[in-house]
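Trainee: just the structure for this:
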Amino acid sequence: MSRTAKTREEHSDLPGAWSAYGRLLQHLRKRAGLNQQALGEAVGYSLEHVASVEQGRRPAKATFTTAADRVLEARGVLEVLQDEVDRAKLPQFFRNFALIEAEVVSRFSYDPLLVPGLLQTEGYARAVFAGHCPPLSEEIVDQHTEARLSRQKLLTRVPLAELSFIVSEEALRNPVGDAEVMRGQWQRLLDVGALRSVEVQVMPSVPGFHAGLNGPFVMLETKDHQHLGYIESQEVGCVVSDPAEVSAFGLRYGKLRSQALNGVESARLIERLVGET
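Mentor: The predicted structure follows:
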């Protein structure tokens with residue numbers, strides 16, 4: 001097999017968004033009369049980095065895109081592709097859901113095992129991905145972490161989405177990362193819970209049955225007012241559109257909201273956790 005054919009085969013599974021971005025970057029660079037070395041020096045990245053982005057082998061970070069858009073006088077052309085580039089950093093099974101999630105009117109979720117991704121700090125998210133089995137490369141850990149943080153634009157997006165998170169007390173007490181990571185994560189929950197479009201509730205650790213014991217789930221309302229559900233386990237995700245099944249999710253979530261601590265009580269519990277460290 002020739003080197004060209006081997007390279008093509010090795011990169012055939014790379015996201016199309018990265019390749020499209022790379023081709024556009026190359027076009028804009030050549031139009032500006034710059035070689036890869038000159039562009040790299042202008043934006044603060046190496047020649048190898050620029051080449052990798054142009055070839056679609058490496059996704060552009062937001063800082064790279066902002067700088068390249070300015071240097072190449074692209075007038076935001078590269079920046080409008082950044083969300084697609086970031087979304088393609090996500091695990092493949094999750095990308096379709098992330099595309100729907102980005103434009104929802106409302107999103108309600110129950111998370112019994114981990115702090116939900118939309119609320120995770122960088123340190124917490126990195127610890128989650130670093131513990132993946134089988135192990136992920138450092139590059140993939142970086143990409144997944146960046147993509148998870150990029151999803152958090154939903155928290156402050158305009159127009160605002162109505163967001164509700166119910167998180168189990170067990171998830172909050174489970175030390176994912178060291179004490180500093182957990183302290184930062186608890187503080188992040190307090191900060192996000194103070195946003196006027198976000199509600200964070202804690203399901204306390206008490207004996208007995210509650211409506212979330214069957215596992216985590218998400219409920220979405222799209223901008224077209226379609227109601228959907230989403231369930232995920234062991235890196236298999238499923239968007240649920242059957243009206244009867246989505247209705248059952250709604251009933252369970254309503255019950256969970258009544259069984260969980262309210263917003264004020266939840267904030268007090270999280271504040272106690274911060275004080276214990």
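
Trainee: C-alpha from now on. contacts and neighbour counts both.
Mentor: Will do.

Trainee: hey, where'd the helices end up in the stretch 1-150 of the chain?
Mentor: 3-10, 16-31, 36-43, 47-54, 62-71, 82-87, 95-101, 122-130, 138-151 (DSSP state H, counting those that start in this stretch).

Trainee: between the ones you listed, which gets nearest to residue 204?
Mentor: helix 122-130 (21.2 Å; C-alpha to C-alpha).

Trainee: mind exporting the closest one as PDB, just the C-alpha atoms?
Mentor: The C-alpha coordinates for helix 122-130 follow below in PDB (Å, rounded to 0.1, in the frame of the first residue of the first chain):
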ATOM      1  CA  GLU A 122     -12.900  21.200  33.400                       C
ATOM      2  CA  GLY A 123     -11.200  19.400  36.200                       C
ATOM      3  CA  TYR A 124     -14.200  17.100  36.900                       C
ATOM      4  CA  ALA A 125     -14.800  16.400  33.200                       C
ATOM      5  CA  ARG A 126     -11.100  15.600  32.600                       C
ATOM      6  CA  ALA A 127     -11.100  13.200  35.500                       C
ATOM      7  CA  VAL A 128     -14.200  11.400  34.100                       C
ATOM      8  CA  PHE A 129     -12.600  10.900  30.700                       C
ATOM      9  CA  ALA A 130      -9.200  10.000  32.200                       C
END
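
Trainee: between it and helix 138-151, how many degrees?
Mentor: Orientation check (axes from the mean of the first three to the mean of the last three C-alpha atoms, to 10 degrees): helix 122-130 against helix 138-151 gives 130 degrees.

Trainee: just checking the distance from the helix or strand hosting residue 200 to the centre of its chain.
Mentor: Following DSSP states H and E, one finds residue 200 within strand 198-203. Centroid separation between strand 198-203 and its chain, computed with C-alpha atoms, centre = their mean, to the nearest Å, is 19 Å.

Trainee: parallel or antiparallel, which strands does that strand pair with?
Mentor: Its sheet considered, strand 198-203 pairs with strand 162-168 (parallel) by DSSP bridges.

Trainee: pull the CA atoms of the partner strand into PDB?
Mentor: The C-alpha coordinates for strand 162-168 follow below in PDB (Å, rounded to 0.1, in the frame of the first residue of the first chain):
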ATOM      1  CA  GLU A 162     -35.400  26.500  30.600                       C
ATOM      2  CA  LEU A 163     -33.000  24.000  32.300                       C
ATOM      3  CA  SER A 164     -33.600  21.700  35.200                       C
ATOM      4  CA  PHE A 165     -31.100  19.300  36.800                       C
ATOM      5  CA  ILE A 166     -31.800  16.800  39.500                       C
ATOM      6  CA  VAL A 167     -28.600  15.200  40.800                       C
ATOM      7  CA  SER A 168     -28.300  12.500  43.400                       C
END
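
Trainee: after it comes which helix or strand?
Mentor: By DSSP H and E, the next helix or strand past strand 162-168 is helix 169-173.

Trainee: C-terminal to that next one, what's the next element?
Mentor: Next helix or strand after helix 169-173 toward the C-terminus (DSSP H and E): helix 179-193.

Trainee: what's the angle from that following helix to strand 162-168?
Mentor: Using the same axes, to 10 degrees: helix 179-193 against strand 162-168 is 140 degrees.

Trainee: what helices and strands are in contact with helix 179-193?
Mentor: Helix 179-193 sits against helix 122-130, strand 198-203, helix 263-276, with contacts defined as 3 or more C-alpha pairs under 8 Å, 6 or more residues apart in numbering; DSSP states H and E.
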